[in-house]
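K.L.:
Pasting the sequence and the predicted coordinates here, then a few questions.
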Amino acid sequence: MTTEEVISKLGLNSLSKFEHREVVGVFVSDMLSDVMAGAKSGNLWVTVQTHKSIIPAANLVDVSAVIITGGKKVPQETIDLATQHDIAILVTELPTFELVGKLYALGVVTQ
Amino acid sequence: MIQKILGATVIEGEDRLDADVDFVYASDLMSDVLAFGKPNSALLTGLATQQAVISAHMAEFKGVVFIRGKRPKDGAEKFARENNLVMLTTDLDMYDACVKIDSIDGKSGSGAQRGAILPKREDILLNQEFHVEGSDFAKAGMASTQVKSMLKKIGVDPKLVRRVAISTFEGEMNVVMHAVRATIFLVITPKFIEVIIDDEGKGIPDVALAMESGFTTATEEMRAMGFGSGMGLPNIKKNTDEVNVTSEIGIGTRVWMKFLVNDHNADEGEEN
């Protein structure tokens, strides 16, 4: 599955500019160290964090996209930095639990 | 001679280019220049400040060559002019510049050594410093991002890049959370990569405890941002081949990490 399909199937909004890529599994966490330790290259990263430091973290572990849940407002500087590093910032009004349920139904599971 | 072989641009001292140079000394640490530099040398450095020129003068050098096209912006030119030093800048990096000069006559000086932690000058492919300010959450992670893109650019194995990047990120976050400021040294050789994070700050009272998973002194505010889950040093330990943390209360902490190149057995950093 690609980021393009995930966006259309879950009705996500993309905030940054990025190239679509293959999605491999999903990682859910709001603690950066947890993401650094556990997320794998190509994972979707589901979080409620919106501050700028999530971009270096996303970039370093090479996630395929960051999905920000709960309809959180993402600061413009986070979006700009994401565009600069070709990182997808996707947002949804759904809370994490519901979004993860939908991802699971789509067959995107932790690998 | 040096100007020609490096294809360097003259910043100062056009009329003194024929000065005889006996040795070339390559270093970014000025105390090393003062300690080991021999008179009548040329200094090859990435430190583009007046301090480099002053140190060269103190060590009775004939001139300074700045690498990677760097030019000091402070009063270096004036100082060089007043003290009869030649100032050049070359687009080459430290390694290439050293190799080119070595190829002239092999009369290079003793290598650049930062204390006992750096390998011989000729083995260093890249030697870079980054500065990190404490409490600057807006820039947190920028240095490690730069480290990652540098390693990627020179073609380091992606798994190794990831381990270095993750460890550097954790170290950088620790500086942002707990220290006043720090310098991150990145040293790349064909056999290993070293990252040294030297901070000025309050220090760690019990290093062994800090190395334990989940131990944290982060504030509520930091934790709300997703930092400070007490996984930083454990994450570093997991992703490095060797790590050493030394700390002095009220002075600061040094985290030294070593990653072996081409050692697949040591690849504990998870990957797909």
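P.N.:
Now that the structure is in, tell me what you want to look at.

K.L.:
Name the helix or strand of chain A that has the lowest mean pLDDT.
P.N.:
Lowest by mean pLDDT, DSSP states H and E among the helices and strands of chain A is helix A:32-38, with a mean of 91.

K.L.:
Quick one: mean pLDDT over the helix or strand just after that one.
P.N.:
Counting by DSSP states H and E, the next helix or strand C-terminal to helix A:32-38 is strand A:44-47. Computed over strand A:44-47, the mean pLDDT rounds to 97.

K.L.:
Nearest residue to residue 103 in space, please, no chain neighbours.
P.N.:
Just so you know, I chose chain A. A:V26 (5.6 Å; C-beta to C-beta, 6 or more residues apart in numbering or on different chains). Using the backbone N, CA and C atoms, a C-beta is placed for each residue, glycine as well.

K.L.:
that's the wrong chain, I wanted chain B
P.N.:
That would be B:I5: by C-beta to C-beta, 6+ apart, it lies 7.7 Å from B:S103.

K.L.:
where along the chain do the helices fall?
P.N.:
No chain specified, so I'll use chain A. Assigned by DSSP state H, chain A shows helices spanning A:3-10, A:32-38, A:54-61, A:76-84, A:96-106.

K.L.:
wait, chain B
P.N.:
B:2-6, B:30-36, B:50-58, B:76-82, B:94-105, B:142-153, B:158-178, B:207-210, B:220-224, B:232-239.

K.L.:
which residues does the residue minimising distance to the centre of chain A bridge with?
P.N.:
By C-alpha atoms, centre = their mean, chain A has its centre lying nearest to A:V66, at 1.6 Å. Beta-bridge pairing for A:V66 (DSSP bridges): A:W45, A:I89.

K.L.:
Deepest-packed of the helices of chain A, please.
P.N.:
Across the helices of chain A, averaging neighbours per residue (mean count of other C-beta atoms under 10 Å in any protein chain shown) puts helix A:54-61 on top, at a mean of 25.

K.L.:
by contact count, what packs against that helix?
P.N.:
Counting contacts by 3 or more C-beta pairs under 8 Å, 6 or more residues apart in numbering or on different chains; DSSP states H and E, helix A:54-61 packs against helix A:32-38, strand A:44-47, helix A:76-84, helix B:142-153, helix B:158-178.

K.L.:
angle of it against helix B:142-153?
P.N.:
With axes from the mean of the first three to the mean of the last three C-alpha atoms, to 10 degrees defining the directions, helix A:54-61 sits at 30 degrees from helix B:142-153.

K.L.:
With chain A as the reference, measure out to B:V164.
P.N.:
10 Å (C-beta to the nearest C-beta, to the nearest Å).

K.L.:
Could you pick out the residues of the stretch 51-200 of chain B near chain A for me?
P.N.:
B:137-138, B:140-142, B:144-145, B:148, B:162, B:165-166, B:169-170, B:173 (C-beta under 8 Å from any C-beta of the partner chain).

K.L.:
what's near enough to touch the residue nearest to A:L103?
P.N.:
A:43-46, A:100, A:103, A:108-110 (C-beta atoms under 8 Å, 6 or more residues apart in numbering or on different chains).

K.L.:
just to revisit the earlier point, using CSV, list the CA coordinates for the least confident helix or strand of chain A.
P.N.:
C-alpha atoms of helix A:32-38 as CSV (Å, rounded to 0.1, in the frame of the first residue of the first chain):
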residue,chain,number,x,y,z
LEU,A,32,10.0,10.4,20.6
SER,A,33,12.5,7.9,22.1
ASP,A,34,10.0,5.2,21.7
VAL,A,35,9.7,6.1,18.0
MET,A,36,13.5,6.2,17.7
ALA,A,37,13.8,2.8,19.3
GLY,A,38,10.9,1.0,17.7
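
K.L.:
Just the buried residues of the contacts of A:V26.
P.N.:
Buried by 16 or more other C-beta atoms under 10 Å in any protein chain shown: A:43-46, A:100, A:103, A:108, out of the contacts of A:V26.

K.L.:
Tell me the one of these nearest A:I7?
P.N.:
A:L44 (10.7 Å; C-beta to C-beta).

K.L.:
Excluding sequence neighbours, find me the nearest residue to the residue in chain B that chain A sits nearest to.
P.N.:
Nearest residue of chain B to chain A: B:G141, at 2.6 Å (C-beta to the nearest C-beta). In this structure, B:G141 finds its nearest non-sequential neighbour in A:P56, 2.6 Å apart by C-beta to C-beta, 6+ apart.

K.L.:
Then B:M94?
P.N.:
Leaving aside its chain neighbours, B:M94 sits nearest to B:I67 (5.1 Å; criterion: C-beta to C-beta, 6+ apart).
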